[in-house]
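S.K.: Could you work out the structure for the sequence below:
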Amino acid sequence: MTYESHLADLPEDAPWDEKPGESVIEQHDTDAIPEVDVTEEDIAASGEDETNWLIFGNNYQGHRHTTADVITPENVGDLEVEYVLELGEPPNDFQGSPIVVGGDPPIIYQTIGPDMLYAIHGRTGDILWTHFYENADGASDETPPAERGPAVLGDTVYKSTLDLGVLAIDRYTGEEQWYYNGAAAYRGEVAEDVRHEELQWERSRGTTSSHPPMIYDGMLMKGSFGGEFGVSGFYDAIDLEGNPQWRVNMTPEHEWVGDSWQHGGGTAWAASCIEPDSGTVVIPSANPGPWYGTVRPGWNPYTCGKVGVDIETGEYQWHHQDAPHDWWDYDSPSPPLVFEEEVDGETRKFATWPGKTGWVYTVDMETGQLHQRSEEFVQHYNMWSLPPFDDIENAQWIMPDLRGGTNPQTSSFDPQSRTLIVKGLNQPMRLSWFETEYEPGETYIGMDIEHAPVPATQEQEEEEEDETADDGEEAEEEKEETADDGEEAEEEKEETADEEADNGDGSEEEWREAWNGYVGVLAGIDPISGEVKWRNWYEETPPWGGSLTTPTGVTFAGDGDDLFTAFETETGQPLASWDLGTAASGAPVSWYDPGEGKQYVAAPAGGERENYTESGNRFVVFSLSE
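M.R.: Alright, predicted model coming up:
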């Protein structure tokens, strides 16, 4: 296998600069935004500059670690809410990370779906301008599209759009500078209109082109989306004027059988990271299409893993697949991280990430060769069992669920303790497949899915008991009515057990006994040794969103039960919690404001997933004075 010729053609006559949608701009107190020159050197140093958060991961390596040290394990409980914003309508997922440009005052740039960008006064929460892009393909009202954050350089803030474009926006005024049309050409074919017809469909929450562009060495890089729509994924590089430079075909034609690559998925819909010394960008890759594998023999590279690409040329360097020839939607959307460590007396660089498969993978940054697959951070049961054809009732239950281990949740890394903070979902599912045909604009999955019900908590069980039995006598009467005698009850139990036993290894009794009953986890993992240092389990709603670490040993992470919690990084011990009023689906950031003498923590929260106490789009900012 060579993997060398994965670059796609970029026709010069394609409408690369034509914008399919319309922008709506609102300006308020734009004079409050201070002039601050943001250079690539500033971005590279963001992780060491406590006053900024200039890139999605706060450094090119994606660590999501701040050097601001006002907040400690001893005083974190003294954090106070500085302000709360309600952004966007209707309620939907943040899932992203704001950018903070330090200054007097600091300015926050925050996205929310669909295609909304805000400039926010970092001290007061005042909205200084908004830029709303209304793409021509629309967005689903039932599942509002997620947004995962902007990028910034110089006087410009950059935003990916749901129609596969990039908007360059003046960060002082909110006015558009240029638009790059990523749908102008597809598989080397120029669009007949502004957009290629196979890249038009109503946008939904899960698979969107809303991840932040990665800026490095005069290049702006971003991926595509639509893995469930039978596309062939791609990853673009454009210059800072919006001109296309190279495009990686994420389903390289010469490594797939027949024409299966054309609808092979492999989209790159999450944030990438960079290893600056080698000039390598590490790209996440999504599931193959369709989900069942009979029509796409082979390993189906680069799906369900990560691929290292040379930034200057776009040429292949290495790749790793978490789930080659995937059948289970075990793609690898979680953003990767890069770090340096001494191993066997030699200082080496590694890339690491958690997968939907429920393990953390650590590979050599130079070769992509696997160094370590960690201990499991979620449970595994019947994993890799192939789904049956059109028979979900007799399909085996397996773990993890296709929504986890780790899905788009962004991990963070504490370099002092060498702890990777990982979120995951821990729930059984079962699948069965059916034949499907590719139709442009229609889903291309071919899989029935059933998720295991969440077990009732003891408190819920007690409430149900109270509702169905006012006192012991009523409970006894109800018991007598539903079972004439012990023999009938036992017969019914045996009949049910016989029916469930037909499901083989995935029977009700067996998978419930194997499952610990927790639906999610927050874990601290050593990516070099693979050791799971600690795990905090969640009973009702898995933790979405991202996390961040501090140099004082504090980790911030939210969950689906509206709580935003500070943990001790090395042990996972909870230190303090705050109720956000809605699920913490975004990735928190932190910065120090020398003008106020405060460290701030911003927690984007909101969404409409089940078990949310209340839907909403809250942007909650905390602070602590020196």
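
S.K.: And the strands in the stretch 51-200 of the chain, which stretches?
M.R.: Using DSSP state E, counting those that start in this stretch, the strands of the stretch 51-200 of the chain run over residues 80-86, 99-101, 107-112, 116-121, 127-134, 151-153, 156-160, 165-170, 176-181, 185-186, 189-190.

S.K.: So which of these is nearest Leu386?
M.R.: With distances scored as Cβ to Cβ, the stretch of the strands of the stretch 51-200 of the chain nearest to Leu386 is strand 185-186 (31.8 Å). (Glycine included, C-beta is placed from N, CA and C.)

S.K.: who does that closest one touch, helix- and strand-wise?
M.R.: Judged by 3 or more Cβ pairs under 8 Å, 6 or more residues apart in numbering; DSSP states H and E, strand 185-186 is in contact with no other helix or strand.

S.K.: Residues contacting that strand, please?
M.R.: Contacting residues not belonging to strand 185-186 are listed as Asp9, Leu10, Pro11, Ala14, Trp16, Ala191, His196, Glu198, Leu199, Ser232 [Cβ atoms under 8 Å, 6 or more residues apart in numbering].

S.K.: rewinding a little: so which of the strands of the stretch 51-200 of the chain is nearest Leu425?
M.R.: strand 107-112 (23.1 Å).

S.K.: chain center to the closest one: distance?
M.R.: On the basis of Cα atoms, centre = their mean, to the nearest Å, the separation between the geometric centre of strand 107-112 and that of its chain is 18 Å.

S.K.: With distance to Glu341, mean neighbour count and mean pLDDT as extra columns, can I get the strands of the stretch 51-200 of the chain in JSON lines?
M.R.: Output for these, formatted as JSON lines (distance: least, Cβ to Cβ, whole Å; neighbours: other Cβ atoms under 10 Å; pLDDT from 0 to 100):
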{"stretch": "strand 80-86", "distance to Glu341": "37", "mean neighbour count": "15", "mean pLDDT": "96"}
{"stretch": "strand 99-101", "distance to Glu341": "28", "mean neighbour count": "26", "mean pLDDT": "98"}
{"stretch": "strand 107-112", "distance to Glu341": "33", "mean neighbour count": "26", "mean pLDDT": "95"}
{"stretch": "strand 116-121", "distance to Glu341": "37", "mean neighbour count": "23", "mean pLDDT": "96"}
{"stretch": "strand 127-134", "distance to Glu341": "41", "mean neighbour count": "20", "mean pLDDT": "96"}
{"stretch": "strand 151-153", "distance to Glu341": "28", "mean neighbour count": "25", "mean pLDDT": "98"}
{"stretch": "strand 156-160", "distance to Glu341": "32", "mean neighbour count": "25", "mean pLDDT": "97"}
{"stretch": "strand 165-170", "distance to Glu341": "34", "mean neighbour count": "23", "mean pLDDT": "97"}
{"stretch": "strand 176-181", "distance to Glu341": "37", "mean neighbour count": "20", "mean pLDDT": "98"}
{"stretch": "strand 185-186", "distance to Glu341": "41", "mean neighbour count": "24", "mean pLDDT": "96"}
{"stretch": "strand 189-190", "distance to Glu341": "45", "mean neighbour count": "14", "mean pLDDT": "96"}
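
S.K.: Most neighbours of all the contacts of strand 185-186, which one?
M.R.: Ranked by neighbour count (other Cβ atoms under 10 Å), these have Ser232 at the top, with 25 neighbours.

S.K.: Go ahead and confirm that residue touches Gly264.
M.R.: Yes - applying Cβ atoms under 8 Å, one finds Ser232 in contact with Gly264, separated by 5.8 Å.

S.K.: shared neighbours of the two, anything?
M.R.: Both Ser232 and Gly264 are in contact with Thr251, where contact means Cβ under 8 Å, 6+ apart.

S.K.: returning to what we had before: now the two most distant members of the contacts of strand 185-186.
M.R.: Spatially, the most separated pair among those is Trp16 and Ser232, at 18.6 Å (Cβ to Cβ).

S.K.: What ranges does the stretch 251-400 of the chain have for its helices?
M.R.: Assigned by DSSP state H, counting those that start in this stretch, the stretch 251-400 of the chain shows no helices.

S.K.: so where's it uncertain?
M.R.: Counting by pLDDT under 70, not a single residue of the stretch 251-400 of the chain qualifies.

S.K.: Give me the pLDDT value at the residue nearest in space to the middle of the chain.
M.R.: To find the centre residue of the chain, average its C-alpha atoms and take the closest one (Cα atoms, centre = their mean): that gives Pro408, at 1.6 Å. In the predicted model, Pro408 carries a pLDDT score of 86.

S.K.: For it, list the residues it contacts.
M.R.: Contacts for Pro408 (Cβ under 8 Å, 6+ apart) come out as Gln95, Ala146, Arg148, Ala270, Pro333, Ser334.

S.K.: again, but for Gly545
M.R.: Gly545 makes contact with 94-95, 409-410, 423, 557-558, 583-588, 604-605, according to Cβ under 8 Å, 6+ apart.

S.K.: which ones among those residues are found in helices?
M.R.: Of the positions in the contacts of Gly545, not one sits in helices, assigned by DSSP state H.

S.K.: which one among the residues you listed gets closest to Gln573?
M.R.: Of all these, the one sitting nearest Gln573 is Ala557; the distance, using Cβ to Cβ, is 13.0 Å.

S.K.: how close does the closest one sit to Glu80?
M.R.: Applying Cβ to Cβ, to the nearest Å, the value for Ala557 to Glu80 is 19 Å.

S.K.: next one: Tyr592
M.R.: Computed with Cβ to Cβ, the distance linking Tyr592 and Glu80 is 16 Å.

S.K.: What of Gly138?
M.R.: Using Cβ to Cβ, one obtains 41 Å as the distance from Gly138 to Glu80.

S.K.: now swap in Thr294 and tell me
M.R.: 57 Å.

S.K.: before we move on, what about Glu442?
M.R.: Taken as Cβ to Cβ, the span from Glu442 to Glu80 is 50 Å.

S.K.: ditto for Gly279
M.R.: Look at Gly279 and Glu80: by Cβ to Cβ, they are 43 Å apart.

S.K.: same check, this time on Glu312
M.R.: In this structure, Glu312 and Glu80 are separated by 47 Å, where distance is defined by Cβ to Cβ.

S.K.: Glu513 belongs to a strand?
M.R.: No - using DSSP: H, G, I helix; E, B strand; the rest coil, the secondary structure at Glu513 is helix, not a strand.

S.K.: Could you give the number of residues near it?
M.R.: When neighbours are counted by other Cβ under 10 Å, Glu513 comes out with 10.

S.K.: Do you know the pLDDT at it?
M.R.: Taken from the predicted model, the pLDDT recorded for Glu513 is 91.

S.K.: Please name the residues that touch the closest residue to Thr267 other than its chain neighbours.
M.R.: Spatially, and ignoring its direct neighbours in sequence, Thr267 is nearest to Gly233 (3.6 Å; Cβ to Cβ, 6 or more residues apart in numbering). Applying Cβ under 8 Å, 6+ apart, one finds that Gly233 lies in contact with 223-227, 249-251, 264-268, 285-286.

S.K.: Kindly report the same for Glu366.
M.R.: By Cβ under 8 Å, 6+ apart, the residues touching Glu366 are Ser278, Trp318, Arg348, Lys349.

S.K.: Then Gly165?
M.R.: For Gly165, the contact set (Cβ under 8 Å, 6+ apart) comprises Lys19, Pro20, Asn135, Tyr179, Tyr180, Asn181, Gly182, Ala183, Ser209.

S.K.: for Ser210, same thing?
M.R.: Ser210 sits next to Gln95, Gly96, Thr111, Gly113, Asp115, Pro145, Ala146, Glu147, Arg148, Ser160, Thr161, Leu162 when contact means Cβ under 8 Å, 6+ apart.

S.K.: and those, which two are the farthest apart?
M.R.: By the measure Cβ to Cβ, Gln95 and Thr161 form the most distant pair in those, at 15.6 Å.

S.K.: Pick out whichever of these two has more residues nearby.
M.R.: Between Gln95 and Thr161, counted using other Cβ under 10 Å, the more crowded position is Gln95 (32 against 26).

S.K.: which one among the contacts of Gly165 gets closest to Thr66?
M.R.: Distances from Thr66 to the contacts of Gly165, taken by Cβ to Cβ, are shortest for Ser209, at 28.0 Å.
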